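Trainee: Below are the sequence and a predicted model for it; my questions follow.
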Amino acid sequence: MKVVPGERWTRRVGVMTTLGLAAGMTGVVAAADLTNVPSANPKTPGFAAANVLSPELSESPVAQGSLPLENGTATIPYYGYDGNGPMVPLAGDVQAPGHNVEASKTEPDKNTYLVLHGQHGSDPDYDYGQHFLFQGHETGVQGYITRINLDADGPHRLTLFASTDDNGAALPVFDGSTWDPFAQRLLFTAELAANGGVWTSTLDFPPTVHDAAAAFGRGGYEGIQNDSDGNLWIVEDVGGKAGTVNTHAKQPNSFLYRFVPKNPRDLTRGRLQALQVASLSHPGRAITFHAGQADADIRSDDVRDLHTYGKVFATRWVTIHDTDTDPSGLPFDANALAKAAGATPFKRPENGLFRPTSGFREFFFDETGDTNAQTEAGQQFGGFGGILKLTQASPSADTGLLTLFYLGDVAHNGFDNVAWWSSHEVVFVEDAGDGLHTQRNALDSAYLFDVTLNYANPANQPLRILAEGRDPSATIDSSLGSVSGNGFQNEGDNEITGIHVSDGDPTPSGILGAKAPRPFRLFSGWRVFYTQQHGDNFTWEITRPRPPFGALDND
């Protein structure tokens with residue numbers, strides 16, 4: 001078929017159409033160009049379902065859990081498997097104390113993409129290229145950091161970047177990551193409550209990794225993101241207590257933090273702040289945590305208000321720790337200090353990003369919720385999570401406004417990682433968990449939201465761009481994990497994590513939110529990645545499928 005110059009092809013369920021495009025043949029794939037995937041993959045025992053993407057999209061693996069690390073150890077030999085067992089259970093093998101039928105899965109988590117020059121690896125004579133994808137690993141025998149060398153051959157594809165800190169201590173398992181162009185450090189977060197926090201890493205191999213607890217404290221930190229002023233925004237995921245009446249729901253127990261460094265180039269000194277939200281139902285008071293009152297908080301007027309479309313809340317940042325007044329250099333409990341300062345708890349927020357081209361004035365973050373279809377909180381009290389929007393006059397402003405952007409339901413639940421697709425389109429992905437997968441008979445999905453739409457109108461629905469399947473290893477793990485009391489250590493089913501859209505720019509101009517993403521546009525440099533966590537631990541790059549042979553032939 002002939003395509004007129006200046007037009008772009010797009011596939012829609014096997015039908016080739018053309019759309020006008022001034023910028024050339026490979027323009028941005030926007031929501032209007034994507035076909036909705038009609039349903040999630042069902043969870044079927046013993047069935048390994050394939051991933052289903054919008055037909056305008058394609059995916060290819062950039063790493064797989066069974067690929068060896070170029071400098072692996074006996075404990076950490078592979079990208080996504082520890083060395084404490086086989087990759088697949090042997091016939092007739094039985095899980096027992098001290099004996100695993102299967103190696104522990106390490107679960108590569110959030111991805112950070114950078115275009116760099118002069119990077120090194122364990123082979124001093126090898127040119128590692130310029131395109132790199134970094135990630136921490138969420139579970140396993142011990143934590144570590146990997147670097148996918150996207151330009152490299154098989155033997156040099158994967159580097160064990162670090163497994164110990166500058167004191168020789170083993171790294172914790174990591175969840176979040178980002179690049180701080182001001183401090184020139186990679187940042188990794190550990191969602192381990194009193195043992196969690198932020199670790200900084202130099203860039204080249206071998207790196208120096210430092211536990212930054214003296215400045216950032218200990219907390220269940222997951223999402224971490226710079227703003228243009230050099231502040232760091234941290235989203236905490238700490239599950240609360242279940243109620244005695246609301247036994248399938250949990251008390252809001254996690255906070256949104258902002259670290260304000262004294263000097264953006266130095267992350268050892270600064271103030272840690274937590275967000276406080278003013279109550280609408282109780283004027284003159286803030287929405288706060290109430291110890292020993294899980295049931296009251298789970299179904300409080302304030303929690304209902306936070307999950308009601310159209311309500312607008314005043315916010316302010318409260319300082320909970322300052323290295324100027326605490327020069328001890330000792331770690332501190334950020335979650336406890338946030339509660340003591342009257343900050344506002346949320347229902348397991350996990351990640352957030354600034355809207356591109358908003359001048360870092362609009363911050364969207366999600367709540368995972370209870371990930372239980374039986375939650376007594378229901379939709380009205382945020383039991384199924386949602387997406388919130390914080391608006392400020394500037395990223396360093398002390399006050400702002402908070403609104404509900406999207407209220408989750410059973411079908412759109414357990415939101416976790418986030419990436420902006422364009423200046424007005426954002427992707428949130430699910431981590432519903434094996435239990436909720438069973439309850440709703442649906443595996444995880446990735447949804448694209450248009451922030452110019454009002455989702456209070458039920459006619460407006462997010463676009464499913466990925467119905468994640470379940471690879472064979474995850475299918476086996478789901479079955480083994482369902483056997484009560486057998487001690488099996490790996491999680492069942494896959495999870496979408498590490499969704500990441502970036503052009504890899506390592507300068508302050510490349511901070512996520514500084515410029516509008518342009519994925520798939522020719523020569524733009526923007527790339528899209530995600531990890532199919534658990535199971536085979538694939539990390540994928542999303543691309544556009546090639547047109548049929550001859551589709552762009554103008555001869």
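Mentor: Structure's in. What do you need?

Trainee: need the helices for the protein, in chain order.
Mentor: Remark: helices assigned in the chain by DSSP state H are 213-216, 294-298, 301-306, 334-340, 433-440, 472-481.

Trainee: among these, which is nearest residue 257?
Mentor: Closest of the helices of the chain to residue 257 is helix 334-340, at 6.6 Å (criterion: CB to CB). Yep, even glycine has a C-beta here, placed from its N, CA and C like the rest.

Trainee: Could I get the CA-only coordinates of the closest one as CSV?
Mentor: C-alpha atoms of helix 334-340 as CSV (Å, rounded to 0.1, in the frame of the first residue of the first chain):
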residue,chain,number,x,y,z
ALA,A,334,10.3,9.2,59.4
ASN,A,335,6.9,7.6,59.6
ALA,A,336,6.8,8.1,63.4
LEU,A,337,7.9,11.8,63.1
ALA,A,338,5.3,12.4,60.4
LYS,A,339,2.6,11.1,62.7
ALA,A,340,3.9,13.2,65.6
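
Trainee: Residues touching that helix, excluding its own?
Mentor: 193, 216-220, 236, 238, 253-255, 257, 272, 274, 288-289, 291, 320-321, 345 (CB atoms under 8 Å, 6 or more residues apart in numbering).

Trainee: got a list of what the nearest residue to residue 207 once chain neighbours are set aside touches?
Mentor: Excluding the flanking residues, the one nearest residue 207 by CB to CB, 6 or more residues apart in numbering is residue 201, at 4.7 Å. Residue 201 makes contact with 145, 161, 162, 185, 186, 187, 188, 207, 208, 209, 210, according to CB under 8 Å, 6+ apart.

Trainee: try 7 Å
Mentor: 145, 162, 185, 186, 188, 207, 209 (CB atoms under 7 Å, 6 or more residues apart in numbering).

Trainee: Of these, which is the most crowded?
Mentor: Neighbour counts for the contacts of residue 201, by other CB atoms under 10 Å, peak at residue 188, which reaches 32 neighbours.

Trainee: my guess is it contacts residue 200, does it?
Mentor: No - judged on CB atoms under 7 Å, residue 188 makes no contact with residue 200 at a distance of 8.0 Å.

Trainee: correct me, but residue 234 touches residue 257?
Mentor: Yes - counting by CB under 7 Å, residue 257 is a contact partner of residue 234 at 4.2 Å.

Trainee: what residues are shared contacts of the two?
Mentor: By CB under 7 Å, 6+ apart, no residue touches both residue 234 and residue 257.

Trainee: give the contact list for the spatially most central residue of the chain.
Mentor: Residue closest to the average C-alpha location in the chain (CA atoms, centre = their mean): residue 417, at 2.7 Å. Taking CB under 7 Å, 6+ apart, we find residue 417 in contact with 110, 351, 429, 497, 498, 499.

Trainee: and residue 176, how many residues sit next to it?
Mentor: A count of neighbours around residue 176, defined by other CB under 10 Å, yields 28.

Trainee: Could you do residue 190 as well?
Mentor: Residue 190, neighbours per other CB under 10 Å, totals 25.

Trainee: Relative to residue 455, how far out is it?
Mentor: Distance, residue 190 to residue 455, by CB to CB, to the nearest Å: 33 Å.

Trainee: can you check residue 318 too?
Mentor: Counting by CB to CB - residue 318 and residue 455 are separated by 30 Å.

Trainee: between those two, who's got more neighbours?
Mentor: The residue with more neighbours, out of residue 318 and residue 455, is residue 455; 20 against 17, by other CB under 10 Å.

Trainee: Report pLDDT for the more buried one.
Mentor: Looking at residue 455, its pLDDT reads 98.

Trainee: What are the phi and psi values at it?
Mentor: With angles defined as degrees, to the nearest 10, residue 455 sits at phi -80, psi 0.

Trainee: show me the contacts for it.
Mentor: Counted by CB under 7 Å, 6+ apart, residue 455 has contacts 405, 406.

Trainee: Could you do residue 505 as well?
Mentor: Residue 505 touches residue 115, counting by CB under 7 Å, 6+ apart.

Trainee: per-residue pLDDT, it?
Mentor: Predicted confidence (pLDDT) for residue 505: 98.

Trainee: Kindly provide the distance from it to residue 370.
Mentor: Computed as CB to CB, the residue 505 to residue 370 distance reads 38 Å.

Trainee: likewise residue 303?
Mentor: On the measure of CB to CB, residue 303 and residue 370 end up 12 Å apart.

Trainee: So these two - more neighbours on which side?
Mentor: residue 370 (29 against 24).

Trainee: how many other residues sit next to the closest residue to the more buried one other than its chain neighbours?
Mentor: The shortest distance from residue 370 to any non-neighbouring residue, by CB to CB, 6+ apart, is to residue 383 (4.8 Å). When neighbours are defined as other CB under 10 Å, residue 383 has 31 of them.

Trainee: Please verify my assumption that residue 383 contacts residue 373.
Mentor: No - judged on CB under 7 Å, residue 383 makes no contact with residue 373 at a distance of 9.0 Å.

Trainee: need the contact list for residue 275.
Mentor: 255, 256, 315, 317, 343, 344.

Trainee: Can you add neighbour count and give the residues you listed back as a markdown table?
Mentor: Formatted as a markdown table, those follow (neighbours: other CB atoms under 10 Å):
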| residue | neighbour count |
| --- | --- |
| 255 | 28 |
| 256 | 28 |
| 315 | 20 |
| 317 | 22 |
| 343 | 27 |
| 344 | 24 |
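
Trainee: quick one: contacts of stretch 292-306?
Mentor: Taking CB under 7 Å, 6+ apart as the rule, stretch 292-306 contacts 240-246, 249, 251-252, 279-281, 287, 290, 311, 377, 380-382, 404.

Trainee: Low-confidence regions, the stretch 151-300 of the chain specifically.
Mentor: Judged by pLDDT under 70, the stretch 151-300 of the chain has no weakly predicted residues.

Trainee: which residues sit in contact with the closest residue to residue 367 other than its chain neighbours?
Mentor: Distances taken as CB to CB, 6+ apart place residue 385 nearest to residue 367, at 4.2 Å, with adjacent residues excluded. The contact partners of residue 385, by CB under 7 Å, 6+ apart, come to 347, 366, 367, 368, 369, 408, 413, 414, 415.

Trainee: ok, what's across the strand from the third one?
Mentor: It refers to residue 367. As for beta bridges, residue 367 partners with residue 349, residue 386 under DSSP bridges.

Trainee: Take the contacts of residue 417 and keep only those in strands.
Mentor: Among the contacts of residue 417, DSSP state E puts 110, 351, 429, 497, 498, 499 in strands.
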